[in-house]
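A.B. asks: sequence unavailable; structure follows:
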């Protein structure tokens, strides 16, 4: 028996809410991705109860869509938050990815920033005037190619910080294998969940992000009864077949964010590919 069956067509009000929310997210175009997203949401919502529809539409109204053309300006804004005294105290500025390239050679999202940051952003920032600027795909390369570096600001960069767990692991590896006493480490991101910011700051590393995000249900000002909303979402995710750490988004981040690739910290109803019984789920923000 399918986990989801069509309940009813959308009401006029629901269609209007969907169109308004998607337009605010930047999906107003009637062709290409905008048309695809609208169509997928239209199918998805018909599979839900009225209470589930209302919740998903309410969450969509708080959704952040940060695409390719928004990321670099936001990362630049985050970099410019670094206090000048922090930069004045070093000779070198080094960019490293907060999530390193996978062993299979496929780049992580943060790796794509390095060339642009080193050659097209950092050299034109007054903040870094007179500093030697470099970037490295992996921290091992920094250790091999700059073993005698002087005082350096190590900027670990990513487009998105979710739970902060992978970030703290990267920071731990850096401190154990590569760090010098004259290194200062900060994290820079276009968008960051407050949950991740708090975890990284607990490691005495400052985080600079252009956009701070809170939990989509637990911290929502739009939902009068967050506990009831979580019950609705938990039931929906149970039927969808979400297990373990991905309930309510990875590590329960409750994110409502679509970056160049949708983070798994976002509620799975928006990106999960299949239902618990194996049918394709009409996820509008698929993780390609």
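C.D. replies: Cool, got the structure. Remember, predicted model here, so these are calculated numbers, not experimental data. Numbers count the residues shown, from 1 in each chain.
A.B. asks: could you list the low-confidence segments of the stretch 101-250 of the chain?
C.D. replies: For the stretch 101-250 of the chain, the stretches flagged by pLDDT under 70 are 101-112.
A.B. asks: where exactly do the helices run in it?
C.D. replies: 113-116, 139-145, 165-177, 194-201, 226-240 (DSSP state H, counting those that start in this stretch).
A.B. asks: pick the most buried one from those helices.
C.D. replies: helix 194-201 (a mean of 20; mean count of other Cβ atoms under 10 Å). No exception for glycine: its C-beta is placed from N, CA and C like everyone else's.
A.B. asks: compute the inter-axis angle for that helix and helix 165-177.
C.D. replies: Note on geometry: by axes from the mean of the first three to the mean of the last three Cα atoms, to 10 degrees, helix 194-201 and helix 165-177 are set 10 degrees apart in direction.
A.B. asks: off-centre distance for helix 194-201?
C.D. replies: Between the centre of helix 194-201 and the centre of its host chain there is 13 Å, according to Cα atoms, centre = their mean, to the nearest Å.
A.B. asks: please name the nearest non-neighbouring residue to residue 142.
C.D. replies: Spatial nearest neighbour of residue 142, chain neighbours left out: residue 136 (4.4 Å); criterion: Cβ to Cβ, 6 or more residues apart in numbering.
A.B. asks: ah, wrong one, I meant residue 58
C.D. replies: residue 222 (5.7 Å).
A.B. asks: gap between that neighbour and residue 60?
C.D. replies: 11 Å (Cβ to Cβ, to the nearest Å).
A.B. asks: look at these two and report which has more neighbours.
C.D. replies: Neighbour totals were compared for residue 222 and residue 60, and residue 60 leads with 20 against 12 (other Cβ atoms under 10 Å).
A.B. asks: so the spatially closest residue to the more buried one that is not a sequence neighbour is in which element?
C.D. replies: Distance criterion Cβ to Cβ, 6+ apart; nearest residue to residue 60, sequence neighbours excluded, is residue 21 at 4.3 Å. Using DSSP states H and E, residue 21 sits in helix 12-24.
A.B. asks: helix or strand right after that helix?
C.D. replies: Sequence-wise, the next helix or strand downstream of helix 12-24 (DSSP H and E) is helix 32-46.
A.B. asks: now the angle from that following helix to helix 12-24?
C.D. replies: 150 degrees.
A.B. asks: use 830 as the first number from now on
C.D. replies: Done: numbering now begins at 830, and the last item shifts to helix 861-875.
A.B. asks: check the offset of helix 861-875 from the chain's centre.
C.D. replies: Centroid separation for helix 861-875 versus its chain: 22 Å, with Cα atoms, centre = their mean.
A.B. asks: contacts for it, please.
C.D. replies: 835-839, 843-844, 847-848, 851, 856-858, 882, 885-886, 889, 1098, 1110-1114 (Cβ atoms under 8 Å, 6 or more residues apart in numbering).
A.B. asks: buried ones among those residues?
C.D. replies: Buried residues within the contacts of helix 861-875, counting neighbours by 16 or more other Cβ atoms under 10 Å: 839, 843, 847, 851, 856, 882, 885-886, 889, 1098, 1110-1114.
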